[in-house]
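J.: just to be clear, the model below is a prediction. Sequence and coordinates:
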Protein chains: 2
Amino acid sequence: MSIDGTPPAATPSRRELNKAATRQAITDAALALLRTRGPGSFTVEDIADAAGISRRTFFNYFSSTDAALASVTHGFLDNAIQQFRLRPADEPILQSAQAALIALADPMTVAPLAELFTLTQQSALMSHSELEAWEHCTEQIIAVARERVAGPEDSEDELYVRALAGAVISCGKAALEVWFTRRGADLSPASLAELRQLLIDAMSLLGSGFTAGSTPAPFRPAPSASVSS
Amino acid sequence: MSIDGTPPAATPSRRELNKAATRQAITDAALALLRTRGPGSFTVEDIADAAGISRRTFFNYFSSTDAALASVTHGFLDNAIQQFRLRPADEPILQSAQAALIALADPMTVAPLAELFTLTQQSALMSHSELEAWEHCTEQIIAVARERVAGPEDSEDELYVRALAGAVISCGKAALEVWFTRRGADLSPASLAELRQLLIDAMSLLGSGFTAGSTPAPFRPAPSASVSS
DNA sequence: TGCAAATTTGCACGACGGGCAAGTTTCTGG
DNA sequence: CCAGAAACTTGCCCGTCGTGCAAATTTGCA
């Protein structure tokens, strides 16, 4: 056990660097193959060869090709949780989620996710590893929400916390899906503004209990710029 | 193409019956193995042997062991969609969902799902096939919701519909999770009443936009009996 | 420098999932 | 009733997957 509490960050030893580099090489190789050959048409051995490692070593880092690709999603969602965690504790959870999501709607952050999404879109359902990443994010939100609700009673708020976290994730996913459907991998400022607006609208819908009969945009908690038609 | 619009229901031919029987035999065998050996400790060949068919034939029905087990979830959710579809079209979607879910909280319907859940609980995440079933259910809800919103404009309501459907599913899942956590596979009337109340509460939370700061049960749309402490 | 620990790699093995082409069962029209 | 068509089952084969194991290699530390 090290005296320092932050082993991976404060100790960029040779081993850590090598592992990180190998890990990155694997995901890069996987992404390159996904671009050139399309989903499901390459094997673990292909990735290992492209990354300059053995097949066996690949499995020391990821348990499947999907897992290697899902590291992109994992990175994005870890980022989201990080943003979410540093919101003030007295802020309503929905607003924290909204703020955290909007903070991520910049080109650098969404670009990898957008590419992954468009490249794997054709194969309908998300991969197991990808869903795992979203599930992990949900658990994180639950943890944060539980701290905030912070009642000494434990079982009463469990439904509230889990339902809220799941709903937030679902609505975030819905916003992303609609955005990808509309704009593909378009990362222009106008497109990103639309993504931000979609995220705001999704959280607003959630906050207002989907009261809109057929007209969307029930109300806007933040006076943000709307997308021009 | 047949003149009759309902080929599978109106034509219980020998072939259909055999296939249905084989399908059932497979899921029964899989479930039995899950009970006796636990998750992940038996192979496709084991199931095939127990069901009295060849390994190859198994793959004519299901693409994996998980898929065979997920037929339980599939059945439950198909039932749910069926209930959901025959709600009046002018009813708010959340109330339709609530009513459909409550209608399923009877022993016969939830028993298989409860057993599957408790047996696979220990292995953390849901299987791919199981998640596929939930995803399929979400798509069904989206389809129904789209009919009800029924605007001639198509892209405006897409976010509303997808966010709502996803949130409903998430909250339903949350209610089930909390129930399983609290009561295990308890199917007593009191336990089922609690499940019903959890489903009601989950949909209420969704309908009220999670406005409750820390106290659950924000309001109750149906004057149903509350769970006695 | 030399030893201990971590990491990579090759090998082997059981399981997976599906294409293919025979067998077998069921349905159809004569 | 029966022969041909269609659907279904089965065995065989192949490439891939994921992992335990032990030898070989690299890195850290004294």
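T.: Arrived safely, thanks for sending.
J.: how about the contacts made by residue A:209?
T.: B:94, B:206-209 (C-beta atoms under 8 Å, 6 or more residues apart in numbering or on different chains). For glycine as for every other residue, the C-beta is placed from the backbone atoms N, C-alpha and C.
J.: so what does the closest residue in space to it that isn't next to it in sequence look like in phi/psi?
T.: With sequence-adjacent residues excluded and distances taken as C-beta to C-beta, 6 or more residues apart in numbering or on different chains, residue A:209 is closest to residue B:209, at 4.0 Å. Phi and psi for residue B:209, reported as degrees, to the nearest 10, are phi 70, psi 30.
J.: and the longest helix anywhere in chain A, what does it pack against?
T.: Secondary structure of chain A per DSSP state H: the longest helix is helix A:158-183. With contacts defined as 3 or more C-beta pairs under 8 Å, 6 or more residues apart in numbering or on different chains; DSSP states H and E, the packing partners of helix A:158-183 are helix A:93-103, helix A:107-120, helix A:128-149, helix A:189-207, helix B:158-183, helix B:189-207.
J.: what's the closest of those helices to DNA strand D?
T.: Closest to DNA strand D of these is helix A:128-149 (C-beta to the nearest atom of the strand; 8.7 Å).
J.: residues in contact with that closest one?
T.: With C-beta under 8 Å, 6+ apart as the test, helix A:128-149 has contacts from A:63-64, A:66-67, A:69-70, A:73-74, A:77, A:80-81, A:84-85, A:89, A:93, A:97, A:126, A:157, A:160-162, A:164-166, A:168-169, A:173, B:125, B:128, B:131, B:214.
J.: and DNA strand D, which of these reach it?
T.: Restricting these to those touching DNA strand D (C-beta under 7 Å from any atom of the strand) yields A:63-64.
J.: for the residue at minimal distance from the centre of chain A, what are its contacts?
T.: Using C-alpha atoms, centre = their mean, the residue of chain A that lies closest to the mean C-alpha position is residue A:77, 3.0 Å off. Contact partners of residue A:77, counting by C-beta under 8 Å, 6+ apart, are A:133-134, A:136-137.
J.: just the pLDDT for whichever residue of chain A sits closest to DNA strand D.
T.: Among the residues of chain A, residue A:14 lies closest to DNA strand D, at 2.8 Å counting by C-beta to the nearest atom of the strand. On pLDDT, residue A:14 comes in at 74.
J.: who wins for proximity to residue B:34 among the helices and strands packed on helix A:158-183?
T.: Nearest of the helices and strands packed on helix A:158-183 to residue B:34, taken as C-beta to C-beta: helix B:158-183 at 16.0 Å.
J.: flag every buried residue along that closest one.
T.: Neighbour counts over helix B:158-183 (16 or more other C-beta atoms under 10 Å in any protein chain shown) mark B:158-180, B:183 as buried.
J.: figure out how far that helix is from the centre of its chain.
T.: Relative to the centre of its chain, helix B:158-183 is centred 11 Å away, using C-alpha atoms, centre = their mean, to the nearest Å.
J.: what average pLDDT does that helix get?
T.: pLDDT averaged over helix B:158-183 gives 95.
J.: let me know the angle separating it from helix A:189-207.
T.: 50 degrees (axes from the mean of the first three to the mean of the last three C-alpha atoms, to 10 degrees).
J.: before we move on, the earlier item: right, and the helices and strands packed on helix A:158-183 - which one's nearest DNA strand C?
T.: Of all these, helix A:128-149 sits nearest to DNA strand C, with 10.6 Å by C-beta to the nearest atom of the strand.
J.: quick one, what contacts the closest residue to residue A:66 other than its chain neighbours?
T.: Excluding its sequence neighbours, the residue lying closest to residue A:66 (C-beta to C-beta, 6+ apart) is residue A:127, at 3.8 Å. Residues touching residue A:127, when contacts are defined by C-beta under 8 Å, 6+ apart, comprise A:66, A:69-70, A:120.
J.: make a markdown table from those and add pLDDT and distance to residue A:198 to it.
T.: Compiled in a markdown table, the contacts of residue A:127 are given as follows (pLDDT from 0 to 100; distance: C-beta to C-beta, whole Å):
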| residue | pLDDT | distance to residue A:198 |
| --- | --- | --- |
| A:66 | 96 | 27 |
| A:69 | 97 | 24 |
| A:70 | 97 | 23 |
| A:120 | 90 | 20 |
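J.: now a ChimeraX select for only the buried ones of the contacts of residue A:209.
T.: Applying 16+ other C-beta under 10 Å to the contacts of residue A:209, the buried members can be selected in ChimeraX as follows:
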select /B:94,206,207,208,209
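J.: just give me the closest of the contacts of residue A:209 to residue A:19.
T.: Using C-beta to C-beta, residue B:206 is the member of the contacts of residue A:209 that sits closest to residue A:19, with 43.3 Å.
J.: residues contacting the nearest residue to that closest one once chain neighbours are set aside?
T.: Residue nearest to residue B:206 in three dimensions, not counting chain neighbours: residue B:171, with 5.2 Å by C-beta to C-beta, 6+ apart. Listed by C-beta under 8 Å, 6+ apart, the contact set of residue B:171 reads A:163, A:166-167, B:202-203, B:205-206.
J.: one more time with 6 Å, if that's ok
T.: By C-beta atoms under 6 Å, 6 or more residues apart in numbering or on different chains, the contact set of residue B:171 is A:163, B:202, B:206.
J.: cool, residue A:101 as well?
T.: Taking C-beta under 6 Å, 6+ apart, one finds A:172, A:199 in contact with residue A:101.
J.: count of neighbours near residue A:192?
T.: Residue neighbour count, defined by other C-beta atoms under 10 Å in any protein chain shown, stands at 18 for residue A:192.
J.: quick one, what contacts the closest residue in space to it that isn't next to it in sequence?
T.: Among residues not flanking residue A:192 along the chain, residue A:105 sits closest, at 5.5 Å (C-beta to C-beta, 6+ apart). Residue A:105 is in contact with A:192, A:195-196, counting by C-beta under 6 Å, 6+ apart.
J.: and stretch A:76-90, how far out from the chain middle?
T.: Its chain's C-alpha centre and that of stretch A:76-90 lie 12 Å apart, by C-alpha atoms, centre = their mean.
J.: per-residue pLDDT, the residue nearest to residue A:192?
T.: Residue A:105 carries a pLDDT value of 88.
J.: measure it to residue A:193 for me?
T.: 8 Å (C-beta to C-beta, to the nearest Å).
J.: quick one: neighbours of the nearest residue to residue A:114 once chain neighbours are set aside, just the number.
T.: Distance criterion C-beta to C-beta, 6+ apart; nearest residue to residue A:114, sequence neighbours excluded, is residue A:185 at 4.8 Å. Residues within reach of residue A:185, counting by other C-beta under 10 Å, total 16.
J.: over to the one 3 residues further on?
T.: Using other C-beta under 10 Å, the number of residues around residue A:188 comes to 10.
J.: so what does it have for phi and psi?
T.: Backbone geometry at residue A:188, expressed as degrees, to the nearest 10, gives phi -70, psi 160.
J.: what's the spacing between it and residue A:197?
T.: In terms of C-beta to C-beta, residue A:188 sits 14 Å off from residue A:197.
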